[in-house]
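*Asks:* after the sequence you'll find the predicted model.
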Amino acid sequence: MKKYFILLLVSMPLYIFAYQPFSAGAQVPAAGATWRPLVIYYSLTGNNRIVAAELGNAFGCERLEITSMRERTGFWKVNCVIDQLFDRDDLPGPVKFDSVQYNPIIIACPIWIHRLASPMRTFLDHKRLAGKDVYAVVTHQGNYGEKDEQVVKSFLAAQDMHLKGYGAVLTRGATESEIINETKSIIKRNFSEMEKSISNNTR
Ligand SMILES: Cc1cc2nc3c(=O)[nH]c(=O)nc-3n(C[C@H](O)[C@H](O)[C@H](O)COP(=O)(O)O)c2cc1C
């Protein structure tokens with residue numbers, strides 16, 4: 001009797017292992033191969049909030065708004081200029097964010113003095129999102145060109161982010177629906193890898 005009891009005890013883990021639910025062809029995500037997009041945006045005057053809402057809708061994903069504790073309205077817009085000209089860090093608002101949970105990252109951010117606005121730069125600084133795939137949309141008022149695009153791209157590369165798609169929205173005189181339509185076009189034109197990933201991950 002004692003012999004049977006010992007046999008049962010020894011073979012128990014084998015039964016447990018053998019009857020784990022298993023379906024042929026089930027995909028177990030490889031370590032580090034998470035696919036959970038997140039839109040991260042900063043907006044002072046509302047344009048990037050519109051862009052981020054459209055990106056979130058298009059990819060059915062969460063959004064994270066970066067906020068700043070620095071006064072930036074009225075006369076205090078001067079703080080934006082000082083940040084940009086003197087490479088001053090922002091005073092960031094509180095943010096709850098576990099970067100391990102997300103990839104890719106989709107950024108929406110205004111251009112201030114030819115580069116990403118300081119609240120976004122401060123957030124991304126110190127290689128906080130190193131190794132992530134990134135798609136970026138910037139908004140501007142027309143004083144923006146290829147050189148500025150390179151500055152933004154170089155900044156993202158220096159943060160060890162892998163840029164997969166990029167687009168710029170001209171917001172001067174644009175209505176909300178024009179900003180939405182331009183965002184849609186960027187997704188179609190420049191974010192094709194993202195669209196491919198969506199179909200692979202939802203199949
Ligand atoms: C301090 C500051 C600097 C700016 N610098 C530029 C610039 O260099 N080139 C440009 O085309 N637009 C510039 N803009 C315009 C913004 O990029 C544009 O209005 C953007 O759409 C604002 O986005 P938001 O509404 O989400 O804050 C600047 C705006 C501010 C407040």
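*Replies:* Looks like it arrived, so ask away.

*Asks:* what sits against the residue nearest to Met69 when sequence neighbours are not counted?
*Replies:* Setting aside the residues directly before and after it, Met69 is nearest to Leu91 in space (Cβ to Cβ, 6 or more residues apart in numbering), at 4.2 Å. (C-beta placed from N, C-alpha, C; glycine too.) Going by Cβ atoms under 8 Å, 6 or more residues apart in numbering, Leu91 touches Ser68, Met69, Arg70.

*Asks:* with Gly165 instead?
*Replies:* Residues near Gly165 by Cβ under 8 Å, 6+ apart: Tyr135, Ala136, Ile186, Asn190, Phe191, Ser192, Glu193, Met194.

*Asks:* of those residues, grab the buried ones for ChimeraX.
*Replies:* The following ChimeraX line selects those of the contacts of Gly165 that are buried, judged by 16 or more other Cβ atoms under 10 Å:
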select :135,136,186,190,191,194
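
*Asks:* the contacts of Gly165: which two are farthest apart?
*Replies:* Spanning the widest gap among these are Ala136 and Ser192, at 14.8 Å by Cβ to Cβ.

*Asks:* show me what the helix or strand hosting Ile40 is packed up against.
*Replies:* Using DSSP states H and E, Ile40 maps to strand 38-41. Packing contacts for strand 38-41, counted by 3 or more Cβ pairs under 8 Å, 6 or more residues apart in numbering; DSSP states H and E, involve helix 47-59, strand 62-65, strand 105-112.
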